[in-house]
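[1] make a model of this:
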Amino acid sequence: MPITVVIADDQEMVRTGFRMILESRPDIDVLDDVHDGPSALAAVDRHDPDVLLLDIRMPGLDGLEVTRRLSGRDRPRIVIVTTFDLDEYVHAALHGGASGFLLKDASPEMLVEAVRAAAAGDSLVSPAITVRLLRELATARPATSLRRPAEPLTERERDVVRCLARGATNAEIAAELYVSLSTVKTHLANVQGKLGARNRVEIAAWAWESGLATGAA
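    Next up is the predicted model:
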């Protein structure tokens, strides 16, 4: 089955461009494209897509509010695509439950990869902002707000999380640690449960906040 996508952006040229890029791939099907926040919520209810490509600044409801309202649902996975590389937007989107964050000048290949990653329960954050984002996120949040695992992470789980915090994909983690892809997925599922995290972006953020990503924990 193809990955189903809804695009929400207030610029028609952007929507058209994204649609052309995504529909050129045989494994992706764009179900709808809409121009504002309320229409994005309506399209999600109507189509139940796998992935919602979402701009931040839109009429009616902005992308951050749309993300907040869809938080907690299994579908759709949300990928924010915006021209605004502002840390407060990135922090709010990812802590609101978004699975990815890209700038609109990202390559077509990266856009496609972000959609595929989100549909697979993975995540992709624009390489231009990943490390800066997570480092700043770690220093901006007070230590008292750091989530505590329900159970201690095993040493192998910690190894997986360190790789994840550097932006590695599941396949890259498997290759680096000499384990199978299914083993990586099992470890991440266990970590997600222990942390009560909604997605792998929150796991990566926790790794930086706790010092695990830098070897400080």
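[2] by contact count, what packs against the host helix or strand of residue 189?
    Secondary structure assigned from DSSP states H and E places residue 189 in helix 181-195. Applying 3 or more Cβ pairs under 8 Å, 6 or more residues apart in numbering; DSSP states H and E, we find helix 181-195 packed against helix 155-165, helix 170-177, helix 200-210. Any C-beta I mention is one placed from the backbone N, CA and C, and that applies to glycine too.
[3] separation between residue 59 and residue 99?
    24 Å (Cβ to Cβ, to the nearest Å).
[4] between the two, who's got more neighbours?
    Counting neighbours by other Cβ atoms under 10 Å for residue 59 and for residue 99 shows that residue 99 has the greater number, 29 against 11.
[5] next one, pLDDT for the more buried one please.
    Looking at residue 99, its pLDDT is 79.
[6] where along the chain do the strands fall?
    Secondary structure of the chain by DSSP state E: the strands cover 3-8, 28-34, 51-54, 77-82, 100-103, 124-125.
[7] now render those strands as CSV, adding distance to residue 147 and mean neighbour count.
    CSV is the format used below for those (distance: least, Cβ to Cβ, whole Å; neighbours: other Cβ atoms under 10 Å):
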stretch, distance to residue 147, mean neighbour count
strand 3-8, 30, 24
strand 28-34, 34, 19
strand 51-54, 25, 28
strand 77-82, 21, 26
strand 100-103, 20, 23
strand 124-125, 19, 24
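[8] save those strands as CSV, and put in distance to residue 21 too.
    Formatted as CSV, those follow (distance: least, Cβ to Cβ, whole Å):
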stretch, distance to residue 21
strand 3-8, 10
strand 28-34, 9
strand 51-54, 10
strand 77-82, 11
strand 100-103, 12
strand 124-125, 15
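[9] confidence-wise, which of those is weakest overall?
    strand 124-125 (a mean of 67).
[10] out of the strands of the chain, which gets nearest to residue 167?
    Proximity to residue 167 (Cβ to Cβ) singles out strand 124-125 among these, at 7.2 Å.
[11] what residues of the helix holding residue 189 count as buried?
    Buried residues in helix 181-195, defined by neighbour count with 16 or more other Cβ atoms under 10 Å: 183-185, 187-188, 190-192, 194-195.
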